[in-house]
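**Student:** Sharing a model that was predicted from the sequence below.
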Amino acid sequence: MPFDVAADVMANTRLSADYNVLALSAPAIAAAATPGQFVMVKAASGDDPLLRRPFSVFEVLRDAAGAPAGLSLLNKRIGPSTELLYRAQPGDTVACFGPLGRPFTVADRSAQAWMVAGGVGLAPFATLADALGARSVSTTLFYGARSRAELFYLDFFRRLGVELVLTTEDGSLGERGRIIAPLDRRLAAHAPHAPLMVYACGPEGMLAACAKTAARYGRPCEVSVERIMGCGMGGCYSCVVPMRNDRGSFHHVRSCIAGPVLPADQILWE
Amino acid sequence: MPFDVAADVMANTRLSADYNVLALSAPAIAAAATPGQFVMVKAASGDDPLLRRPFSVFEVLRDAAGAPAGLSLLNKRIGPSTELLYRAQPGDTVACFGPLGRPFTVADRSAQAWMVAGGVGLAPFATLADALGARSVSTTLFYGARSRAELFYLDFFRRLGVELVLTTEDGSLGERGRIIAPLDRRLAAHAPHAPLMVYACGPEGMLAACAKTAARYGRPCEVSVERIMGCGMGGCYSCVVPMRNDRGSFHHVRSCIAGPVLPADQILWE
Amino acid sequence: MDLSVRIGSLTLTNPLVAASGCFGYGVEYADLVDLSSLGAIVTKGLFLEAREGHRAPRIVETPAGMLNAIGLQGIGARRFVEDKLPELRTRGATVIVNVCGTTIDEYAEVSRILSDAEGVAAIELNISCPNIKEGGIQFGCSLDGTFDVVSAVRKVTRLPIMPKLTPNVTDVASFARASEQAGADAVSLVNTFLAMVIDVETRRPKIANGLGGLSGPAIRPIAVRMVHECYEAVKIPVVGMGGIMNARDALEFMIAGAAAVQIGTANFVDPLIWTKLTDGIRDYMQRHQFTRVTELVGTVQTGPVESPTGA
Amino acid sequence: MDLSVRIGSLTLTNPLVAASGCFGYGVEYADLVDLSSLGAIVTKGLFLEAREGHRAPRIVETPAGMLNAIGLQGIGARRFVEDKLPELRTRGATVIVNVCGTTIDEYAEVSRILSDAEGVAAIELNISCPNIKEGGIQFGCSLDGTFDVVSAVRKVTRLPIMPKLTPNVTDVASFARASEQAGADAVSLVNTFLAMVIDVETRRPKIANGLGGLSGPAIRPIAVRMVHECYEAVKIPVVGMGGIMNARDALEFMIAGAAAVQIGTANFVDPLIWTKLTDGIRDYMQRHQFTRVTELVGTVQTGPVESPTGA
Ligand SMILES: Cc1cc2nc3c(=O)[nH]c(=O)nc-3n(C[C@H](O)[C@H](O)[C@H](O)COP(=O)(O)OP(=O)(O)OC[C@H]3O[C@@H](n4cnc5c(N)ncnc54)[C@H](O)[C@@H]3O)c2cc1C
Ligand SMILES: Cc1cc2nc3c(=O)[nH]c(=O)nc-3n(C[C@H](O)[C@H](O)[C@H](O)COP(=O)(O)OP(=O)(O)OC[C@H]3O[C@@H](n4cnc5c(N)ncnc54)[C@H](O)[C@@H]3O)c2cc1C
Ligand SMILES: Cc1cc2nc3c(=O)[nH]c(=O)nc-3n(C[C@H](O)[C@H](O)[C@H](O)COP(=O)(O)O)c2cc1C
Ligand SMILES: Cc1cc2nc3c(=O)[nH]c(=O)nc-3n(C[C@H](O)[C@H](O)[C@H](O)COP(=O)(O)O)c2cc1C
Ligand code: FES
Ligand code: FES
């Protein structure tokens, strides 16, 4: 069950001119969250912006005794709500409702886990990497961004023993280009019978490419989709994704409750 | 001419659970402001609250060299905009447009000046007291509030040599009751031919009582009226006050440009 | 303190109702909110058959509001009765079904199916959805159409009928009167305002359907005015909505003339709004010494305040 | 880059116009804003005689909007010509006068006085003020009334005439058509939405007049839709307004079909908005490679986006 918390801002760490990590005090949500779930957040006090916005739970923060004390958001500033979250300071409170949605299926030790992140699509993978690490799953992060300055938390993942495959559009770190290229090469090289699970989060085009690539090599793939969400609870039918059905047609599922994590091969990519 | 400044918050001093003094960096406005003028302020970044709100210039703040560097507002929290001003922190900016409106007529040394303030109506009198002090006008502040905890800046006025007459509704400081009572007594006792100017700012009922009392003793009185203001520039006709005219009738004047300081005896009190 | 209100033969334990399309089928919220504590819930609009609705994006935020064009995605009347109604009954919900139709016959047929089912408390006739051409607004924008739909449904059901009026008309009160004359037990209003948001970079509408319906606090002052006009025009109860965000807003509608209120968009912003609303209304009634919430309805004094200026 | 636009025989140097009632008589802003840099300014509404208007409070803020009922306080047509017009001419302002009337004859008489004066560029016929009963809305809510007022004024003036339409109707495009048929050179819209805000503590309306008109960003999505409908319905230019707060919003209206735009409420929030608007429009035109601002008008593509789902 989700909780609604008037969360105190614990810290705001600016990562770049557009990215920050906002730490919120919300023990109940933090204790319940599983990798891939999200929260609905509202920073404004008035009616503009009106609606809450969906954000992945980035980190679960723990107190000295190791108990869940809060969560952090990896926030990218692109409009009014993300602007408010970029500017939030200790002393402010943020309305935070969650955890919500269907999480990733955490692979077990018999499989390898490949996480594919584009830009702010990194957000759900910190907790997923944690969970995979707890199961000793061998994990790789494919992570692409515009430039070196927008590849964050690399040491965090290294510390968890996650292998990093990086790309930047300007070639300032890792391979130059998009993240699908190394993913494709690695998939081609991967032993056909070694179990593997692909997880992806990022822009729609990247997700579609990732889904196609995984399918080409017959690998299961879960993607975390991003739709405009009004409620996060299945109430408004705004967040639909067309999914193939048996009858060769499609039906619209609400990605806030059937997702945001969905099986890539069932999505009717547009 | 008024200036529009995106003013940095320099300091926020909380005076009580509802009152604060907000210091804003706005040299151009500070240099131009005269006692009784106001600024139109917007603290929200979005469209809610939408409109700016009028605030008296409380203090003109000066830098080490004595040059005007900013201004402060004496803010009382009563709704969304004043709530934002109560919570503002250094690092925030506030849109501030001014100075606006017709100021007080500063008495000259031949007269005594009596300032009558109710609650947050104290705001315009800090700069007026300064200006009167500069002209060596003997000045008294009649200042009423709900309780001792809401009588602010007494030392500030004492330092300027202003005589204080205080009332509180609960009797916790000064005389118990409303400020009109001591004003009335003092007026009655004041030598009929000694020139005197009464200035008043506060709730509408207090202003009307003050106007009536001053008129009863034949004393000139200027009041700073408070109307809901949409623009502060004479553009919207929202802020009107009915003023008597020669033909025994009334006309509506825009208190943002004809006031906020108006001759008390011409107002048609309701 | 008595919070109960009556809509025709139906008594609601309190005046707070979840608005259609903003609360799924109710079951989505069953673990979060005690459904039996709401005055009623109105379901997402239902046609006879299932519909997939419009493609995404289906909503866009606007200043203090939102535009939606969902396109009435829904599972159809029969599957609703089979799949959703049993759980809603178990949870103790008072269920009002929002009925859609492309023809008068479809309205009547859907209403008949719901009347035969166990657990439907009332029917809200959606003759005002601005988002699909064949979604009923052709009836809702014509006095004859409104009269005809209500009359036809009146013939097939004894459940309370409440046509939901569109605000996109010159004189909404005349539609309330037409509904009353056709035998409606109540009217509800407002549905959303037909509106448009354009992405200037692409020069395309921001939602896939092009036009959408505006809801949320932005429209509240218009909705309050319309509810008041209908209250003055008819004797049947008026159920008010449009941008209610808190107890103050709910009270504003009741004081304007609403016998009950619906909460739509606010439920997205605050899914736990219901107890806050009840608490706020109770607090107000205590402060103003009302013992029955119905005493509040229509108490707004619109007469001019006397003024010495005579202006 | 060419920002000029045409309204009948009148050419404006740019499409940015100060809306009636939101810019006084223009002279109030003359020291702050270079009046000649605006496309035009529309004066506060003028009757034949002076009026004191309603008593205060005359406005109340609403979510992302405001309600006003000023009651058309004004100095009357003749005093405007004597007292204000000379300064406006000196300042180089293009002056459109917002003309009010309680009768068709009054509209004609005021228009005649203004036509005889030096320095009036066009007439905006206010047949849509929701705030006073005899303020013209009786004409603006009837197709015949609209036709009759426009025809009568057409007979007495060769100035461009632009009736200002009310949004409080079912089909605003039909009013644009009636205006066109009666000889209008343009139409402007929207005036404010009739609305109401109640103080729940006193159970009285928050503004003295009871009802008022809603303006500001809250109404923008509805206004954009209406401007687009009128653009599709008539050949004469449509002047759009309703909640424009910045260059993006102005562009949105033009893309929807507005030949020029008016800025009302935003002027209160940002009295120095004008250069920001011009800069923003220039920047957009550069980025999107438009050389004439008129090329933008009505370019919205409302057709459905193709979709593999066919939804
Ligand atoms: C499940 C999920 C998880 C997400 N996790 C993150 C995250 O961890 N970090 C992060 O920075 N962003 C995340 N996002 C995206 C984030 O929700 C949007 O960036 C944010 O809503 C933009 O709001 P705004 O007011 O700043 O911008 P706006 O100007 O309102 O919108 C800019 C763009 O953001 C998208 N958007 C707007 N409203 C919504 C909405 N209600 N729901 C979804 N998208 C919207 C639209 O594409 C829009 O064009 C996530 C989205 C989803 C659906
Ligand atoms: C010339 C002038 C000088 C003022 N100086 C000060 C000052 O120095 N310190 C201070 O604390 N307050 C001052 N005020 C009052 C201040 O403007 C209001 O308290 C403020 O606008 C309330 O806004 P809100 O959003 O907090 O409350 P809201 O909930 O919006 O309003 C609460 C009440 O405040 C009043 N109000 C609302 N909007 C306006 C408006 N646009 N203009 C005027 N009154 C409004 C109304 O009576 C309203 O009922 C002054 C007002 C005027 C006219
Ligand atoms: C996402 C969404 C979906 C809606 N779906 C329906 C619907 O199916 N049937 C209906 O009658 N009204 C529907 N409405 C309208 C609401 O029930 C309500 O009339 C309107 O939103 C105004 O109330 P509000 O401002 O509280 O949301 C919908 C509104 C929204 C926001
Ligand atoms: C305070 C105020 C006064 C107004 N007075 C008039 C008027 O005299 N004549 C008129 O035609 N419109 C008047 N209007 C309507 C505006 O011109 C404009 O049509 C409306 O406000 C919508 O635009 P906006 O949202 O940009 O303000 C007034 C609006 C406001 C807010
Ligand atoms: S966000 Fe409302 S149904 Fe998914
Ligand atoms: S506040 Fe707009 S005219 Fe005075």
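**Tutor:** The structure has been received and is ready for your questions. Ligands and ions are numbered 1, 2, ... in the order given.
**Student:** what helix or strand is C:S111 on?
**Tutor:** Using DSSP states H and E, C:S111 maps to helix C:104-116.
**Student:** ok now that helix, how far from the chain's centre?
**Tutor:** 19 Å (CA atoms, centre = their mean, to the nearest Å).
**Student:** Show me the contact partners of it.
**Tutor:** When contacts are defined by CB atoms under 8 Å, 6 or more residues apart in numbering or on different chains, helix C:104-116 is touched by residues C:46-48, C:77-78, C:81, C:97, C:99-101, C:120, C:123, C:125, C:136, C:139, C:148-149, C:152-153, C:155-159, C:161. C-beta: built from backbone N, CA, C; applies to glycine.
**Student:** is ligand 3 contacted by it?
**Tutor:** No - using CB under 6 Å from any ligand atom, helix C:104-116 stays clear of ligand 3, coming no nearer than 12.9 Å.
**Student:** Dump that helix to PDB, restricted to CA.
**Tutor:** These are the backbone C-alpha positions of helix C:104-116, laid out as PDB (Å, rounded to 0.1, in the frame of the first residue of the first chain):
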ATOM      1  CA  ILE C 104     -30.600   7.200 -27.400                       C
ATOM      2  CA  ASP C 105     -31.200   3.400 -27.600                       C
ATOM      3  CA  GLU C 106     -27.700   2.700 -26.300                       C
ATOM      4  CA  TYR C 107     -28.300   5.000 -23.300                       C
ATOM      5  CA  ALA C 108     -31.500   3.100 -22.600                       C
ATOM      6  CA  GLU C 109     -29.900  -0.300 -23.100                       C
ATOM      7  CA  VAL C 110     -26.900   0.400 -20.800                       C
ATOM      8  CA  SER C 111     -29.300   1.800 -18.200                       C
ATOM      9  CA  ARG C 112     -31.400  -1.300 -18.400                       C
ATOM     10  CA  ILE C 113     -28.500  -3.600 -17.900                       C
ATOM     11  CA  LEU C 114     -27.400  -1.600 -14.800                       C
ATOM     12  CA  SER C 115     -30.900  -1.500 -13.400                       C
ATOM     13  CA  ASP C 116     -31.100  -5.300 -13.600                       C
END
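**Student:** Past it, which element shows up next along the chain?
**Tutor:** Next along the chain after helix C:104-116, with elements defined by DSSP H and E, is strand C:122-126.
**Student:** interface residues of chain A facing chain D?
**Tutor:** Applying CB under 8 Å from any CB of the partner chain, one finds that chain A approaches chain D through A:G46, A:D47, A:D48, A:P242, A:F250, A:H252, A:L268, A:W269, A:E270.
**Student:** cutoff 10 Å now
**Tutor:** On the criterion CB under 10 Å from any CB of the partner chain, chain D has as its neighbours in chain A the residues A:46-48, A:50, A:240, A:242-244, A:249-252, A:268-270.
**Student:** so of the residues you listed, which ones are in strands?
**Tutor:** Here DSSP state E is the test, and those give A:V240, A:P242, A:M243, A:R244, A:F250, A:H251, A:H252 as lying in strands.
**Student:** distance of the second one from C:R282?
**Tutor:** Taking CB to CB, to the nearest Å as the measure, A:P242 falls 45 Å from C:R282.
**Student:** So which of those two has more stuff around it?
**Tutor:** Under the criterion of other CB atoms under 10 Å in any protein chain shown, the comparison of A:P242 against C:R282 puts A:P242 first, with 23 against 16.
**Student:** So in terms of bridging, what pairs with that one?
**Tutor:** Using DSSP bridges, the bridge partners assigned to A:P242 are A:H252.
**Student:** gap between it and C:E28?
**Tutor:** From A:P242 across to C:E28, the span is 20 Å (CB to CB).
**Student:** if I read this right, A:S110 contacts A:H193, doesn't it?
**Tutor:** No - counting by CB atoms under 10 Å, no contact exists between A:S110 and A:H193, whose distance comes to 11.5 Å.
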